[in-house]
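# Predicted model, plus sequence, below.
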Amino acid sequence: MITAIILAAGESKRMGEPKMLMPWGKSTVLQTVISTFQAASVKDILVVTGGAHQQVEALIGKTVETVFNENYQIGEMLSSIQLGLSVKMREAAHSSFVSATSLGRKRSVRQICNAFLAQKSQIVVPGYQMRRGHPWLVARPLWDELIAMKPPKTPRDFLLKHSREIHYVVVDSPNTLADLDTPEDYLKYKS
């Protein structure tokens, strides 16, 4: 089973408001990310909440599983990934997407799933115009390594360490690069 861990624990300080709750099309950023995975047949979804957890949980209700990251203020993105993977370790998942504000298309998510299943790569990452994007997929044998990482190490350090093992999938959506950290980023990708 392929699972998706959606990182929605950040405080969105540079954005000035919870970015996962911001409008995107006919819904919100978070609902769009969830819908993308669901449309691509990834049904096992875990949302890691933090900064705006009450609003996030109210928005999505019981449609997907959630877990609250108590360390969201000090743990950066790594602590949310570690919490999500720890929760999924108790289940039958054999790989997991790691997704921040991945606004790619369902076709991109399916391409990553298909590449993972066909290539048996430990890490599959989408690329657009020679740049690494989101969401990336990591196989269960590498979860312990991610869970054991300590700051100041980051997910980027993990990907750099395993750069020769990464299978890249070229996708046709620039939204795979979307990193919604500032109001300018939001307007750039929203239009």
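Looks like it arrived, so ask away. Numbering: from 1, shown residues only.
# where does Ala92 land on pLDDT?
In this model, Ala92 is scored at 85, pLDDT.
# and if you look at the one 4 residues further on?
At Ser96, the pLDDT value in this model is 96.
# Give me the secondary structure label for it.
strand (DSSP: H, G, I helix; E, B strand; the rest coil).
# what about the closest residue to it other than its chain neighbours, distance to Lys190?
Of all residues not flanking Ser96 in the chain, Thr3 sits nearest, at 4.7 Å (Cβ to Cβ, 6 or more residues apart in numbering). From N, CA and C alone the C-beta is placed, and that goes for glycine too. Using Cβ to Cβ, to the nearest Å, Thr3 is found at 28 Å from Lys190.
# Start and end of stretch 169-180, how far apart?
Start-to-end span of stretch 169-180 (Cα to Cα, to the nearest Å) is 22 Å.
# Oh, that last question was meant for stretch 92-108, not what I typed.
24 Å.
# got it, and stretch 114-126?
In stretch 114-126, first residue to last residue: 12 Å (Cα to Cα).
# what does it contact?
Applying Cβ atoms under 8 Å, 6 or more residues apart in numbering, the contact partners of stretch 114-126 are 2, 95, 104, 108, 111-112, 132-139, 141-142, 159, 162, 165-171, 176.
# Could you do stretch 77-87 as well?
By Cβ under 8 Å, 6+ apart, stretch 77-87 touches 5, 7, 9-10, 46, 48, 50, 65, 67, 69, 71-72, 75, 96, 98, 100, 143, 146-147, 149, 151, 153-155.
# Just the buried residues of that stretch, please?
77-85, 87 (16 or more other Cβ atoms under 10 Å).
# So which of these are in helices?
77-85, 87 (DSSP state H).
# Ramachandran coordinates for the closest residue to Gly84 other than its chain neighbours?
Distances taken as Cβ to Cβ, 6+ apart place Ile5 nearest to Gly84, at 3.5 Å, with adjacent residues excluded. Backbone geometry at Ile5, expressed as degrees, to the nearest 10, gives phi -110, psi 110.
# Who are the contact partners of Ile5?
Ile5 neighbours (Cβ under 8 Å, 6+ apart): 46, 48, 80-81, 84-85, 88, 96-99.
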